[in-house]
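Q: With the sequence up front, the predicted model follows.
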Amino acid sequence: MKNYRALLSKVRRDELSVFVFYGLLILITLILHGWSNSSVLVTHGCILAAIGMQVAFWRGANNPSKWARWFCVARDWWPLMAAILVYEAMKYSHAEAFTIALGIEPQDPLMLQVDELLFGNAFPLLLEPLVAPLTVAVSWIVYIFGYAVLPLGVGGYFYASGSGCKSSRETFWVFRRAMILGLLGGFTIYWFVPVAGPLIVMPEAFTVSLGETGALASMASTSLRYPWDCFPSLHTAMPMVTAFVALKYAPRWLGLVALLSAIMIAFTAVYLRFHYGIDVIAGVLWALVVYFVTKKRS
C-alpha cells in the first residue's frame with residue numbers, strides 16, 4: 001500500500017486527468033447503456049487495461065532494472081496516447097447517448113447559419129473551385145498523417161532535449177499538459193455542442209466530386225468517426241496548440257514549420273468537407289485558450 005501511495009504522489013495532474021475522464025466515461029455509459037451492450041463492455045475492458053498499463057509503467061520506471069529507462073519513456077508518453085484514445089473509447093462506448101439524454105439537438109443548422117453570416121455560404125462550398133485530383137490526394141495525406149506526425153514530432157523533439165529518466169524535461173511537460181487539456185476539453189465540448197459536419201448533413205449541396213476519395217470520405221464520416229466530432233475542430237486545435245508551444249519553446253525554424261503545417265491541416269479539414277468554417281475558427285480559439293492556460297500554469 002505504501003508503494004502505491006508513493007507512486008500516486010508522483011503522478012502529474014495531466015495524466016491523472018486522463019484516467020479520471022476515463023472513469024467518468026465508464027460511469028456515464030454504464031448508467032446509459034447498462035450491462036447489456038457488449039461493445040460498451042469491451043470498451044470498458046480496454047479502458048481498464050489502459051489504466052493498468054500506466055500503473056505498470058509507473059512501477060517499472062521506479063524500480064532499478066535494465067528496463068527502467070524504457071518503462072520511463074512509456075510512463076511519460078502513455079498518458080498522451082491514452083488521451084488520444086479517449087476518442088475511440090467515446091465512439092465504441094456510444095457516448096453520444098449522453099448528448100441525447102441531455103436533450104441537446106445537433107447544431108449543424110446553427111453552424112451553417114454562422115458560416116453564411118461570416119462567409120456568405122458554407123465555407124466548404126466556397127472551396128469547390130479548388131477541387132483537383134492532386135490537391136485532394138495531398139489533402140488526404142496532410143489531414144490523416146499530418147494530424148499525428150506534427151504533435152508527435154514536436155513532442156519528440158522536446159522529450160529528446162532532456163537526458164536521463166529523471167530529467168525535468170520541462171518543455172515536454174508543458175507540451176503534454178497542453179495536448180491533454182486540448183483533447184479532453186475538446187471531447188467534452190463534443191457532448192454539449194454536437195455537430196456532424198457538412199459531409200454528413202449536406203452532401204447533396206456539393207456539385208463537385210472529390211473523385212475516388214469520395215467513397216473513402218463517406219466511409220470515414222460514418223463508420224470511423226464519433227457521430228458529433230466537429231465543434232471545435234480538433235484537427236485545427238491540436239496542431240495549432242503544437243505550433244504555439246513550438247513557437248514559444250522550440251527553435252524558431254521548428255515553430256514556423258509547425259505553424260505552417262497547422263495551417264495546412266486546418267485547410268484540409270474544410271477542403272475535405274469534414275468541417276464548417278466556424279469549426280475551424282473555434283478550433284483556433286480553443287487552441288489559444290489551451291495555450292494561455294497551460295502557459296500561465298507553467
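A: Yes, it's here. Numbers count the residues shown, from 1 in each chain.

Q: and Ser161, what is it in contact with?
A: Residues in contact with Ser161 (CB atoms under 8 Å, 6 or more residues apart in numbering) are Arg169, Thr171, Phe172. Where you see a C-beta, it was placed from the backbone N, CA and C, and this is true even at glycine.

Q: Past the helix or strand of the chain with the lowest mean pLDDT, which element shows up next along the chain?
A: Sorting the helices and strands of the chain by mean pLDDT, DSSP states H and E puts helix 2-9 at the bottom, at a mean of 52. Of the helices and strands lying after helix 2-9 in sequence (DSSP states H and E), the nearest is helix 13-33.

Q: which other helices and strands contact that following helix?
A: Packing partners of helix 13-33 (3 or more CB pairs under 8 Å, 6 or more residues apart in numbering; DSSP states H and E): helix 38-62, helix 68-92, helix 96-101, helix 170-192.

Q: can we see that at 10 Å?
A: Contact partners of helix 13-33 among helices and strands, from 3 or more CB pairs under 10 Å, 6 or more residues apart in numbering; DSSP states H and E: helix 38-62, helix 68-92, helix 96-101, helix 170-192, helix 277-297.

Q: Could you tell me how far that helix lies from the centre of the chain?
A: In terms of CA atoms, centre = their mean, to the nearest Å, the centre of helix 13-33 is found 16 Å from the chain centre.

Q: relative orientation of it and helix 68-92 in degrees?
A: Helix 13-33 and helix 68-92 are oriented at 30 degrees to each other (axes from the mean of the first three to the mean of the last three CA atoms, to 10 degrees).

Q: Show me which positions of helix 13-33 end up buried.
A: For helix 13-33, a neighbour-count test (16 or more other CB atoms under 10 Å) marks 14-15, 17-19, 21-22, 25-26, 28-29, 32-33 as buried.

Q: Then stretch 288-298?
A: Buried positions in stretch 288-298, judged by neighbour count with 16+ other CB under 10 Å: Val289, Val290, Tyr291, Thr294.

Q: Report the separation between the residue most central in space within the chain and Pro251.
A: When CA atoms, centre = their mean is applied to the chain, the residue found nearest the centroid is Leu183 (4.5 Å). Relative to Pro251, Leu183 is positioned 25 Å away (CB to CB, to the nearest Å).

Q: what about stretch 128-145, start to end distance?
A: Chord length of stretch 128-145, first to last residue, is 23 Å (CA to CA, to the nearest Å).

Q: one step back: okay, the helices and strands packed on helix 13-33 in TSV with distance to Pro239 and mean pLDDT next?
A: Listed next are those as TSV, based on distance: least, CB to CB, whole Å; pLDDT from 0 to 100:
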stretch	distance to Pro239	mean pLDDT
helix 38-62	24	80
helix 68-92	13	88
helix 96-101	25	96
helix 170-192	10	95
helix 277-297	8	94
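
Q: Quick one: closest of those helices to Asp108.
A: Of all the helices and strands packed on helix 13-33, the one in closest proximity to Asp108, counting by CB to CB, is helix 277-297 (10.3 Å).
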